[in-house]
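Participant: Structural data only, the sequence is not supplied:
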């Protein structure tokens, strides 16, 4: 890496931190407290998939234990897109972090956001599969994320598509020295994910 590349990355990181500070100033302080409370979720235990429900459509999995519905749909270019919706909109909120693991694939992280009508998340990646019988999902506590889950941040941010701003808002809600914030900033700026 050349000195110019380092300087450019450092400048990108500085600009991104400035953007996060501006976003933080625009938020209502009362909303900030409720957002932090929503991000801090109590459970991060792996959840088993349950899809034997006759109301579940093909290409769809419902994880009753986490209260999430997963659908695999093609995007406008035909790439597989995983769409996540809470079964009960009151059980999940904008900013909640979810780990989805296909039966025979690598785990992915998604951040829930509001699309204007409901809470959702999307992930677009080649080779993405949905196996209702073997996939799992779990809710993550973003304030206490494991090192293993942190390694999933760069590729998950890269595949976030319309959910990219949800990752930015999550980073803005975390303390400046938090490992997840550093990983998100690194993924967004093309850095190594360290501060």
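Facilitator: In hand now; what should we look at? Note that the coordinates shown come from a computational prediction; the quantities given were computed from them, not determined experimentally.

Participant: quick one: low-confidence parts of this protein?
Facilitator: Along the chain, the model assigns pLDDT under 70 to residues 1-3, 7, 15, 18-58, 192-195.

Participant: For it, which segments count as strands?
Facilitator: Across the chain, reading from the start of the chain, the strands by DSSP state E fall at 60-63, 68-74, 80-86, 97-101, 108-111, 113-114, 119-124, 136-140.

Participant: beta partners of residue 99?
Facilitator: According to DSSP bridges, residue 109, residue 138 are recorded as the beta-bridge partners of residue 99.

Participant: and it, how many neighbours?
Facilitator: A count of nearby residues for residue 99, using other Cβ atoms under 10 Å, gives 23. C-beta: built from backbone N, CA, C; applies to glycine.

Participant: didn't it look like it was pressed against residue 148?
Facilitator: No. With contacts defined as Cβ atoms under 8 Å, residue 99 does not count as touching residue 148, sitting 9.8 Å away.

Participant: Just tell me which of the strands of the chain ends up closest to residue 12.
Facilitator: Ranking these by distance to residue 12, with Cβ to Cβ as the measure, places strand 108-111 first at 21.0 Å.

Participant: tell me what that closest one is packed against?
Facilitator: strand 80-86, strand 97-101, strand 119-124, helix 153-158, helix 164-173 (3 or more Cβ pairs under 8 Å, 6 or more residues apart in numbering; DSSP states H and E).

Participant: Turn these into CSV, columns for distance to residue 10.
Facilitator: Formatted as CSV, these follow (distance: least, Cβ to Cβ, whole Å):
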stretch, distance to residue 10
strand 80-86, 34
strand 97-101, 27
strand 119-124, 30
helix 153-158, 18
helix 164-173, 17
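
Participant: Of all the ones you listed, which one is nearest residue 16?
Facilitator: Counting by Cβ to Cβ, residue 16 lies closest to helix 164-173 out of the helices and strands packed on strand 108-111; the figure is 8.4 Å.

Participant: still on that earlier bit, distance to residue 6 for the strands of the chain - can I get that in CSV?
Facilitator: Output for the strands of the chain, formatted as CSV (distance: least, Cβ to Cβ, whole Å):
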stretch, distance to residue 6
strand 60-63, 43
strand 68-74, 40
strand 80-86, 35
strand 97-101, 30
strand 108-111, 28
strand 113-114, 33
strand 119-124, 31
strand 136-140, 32
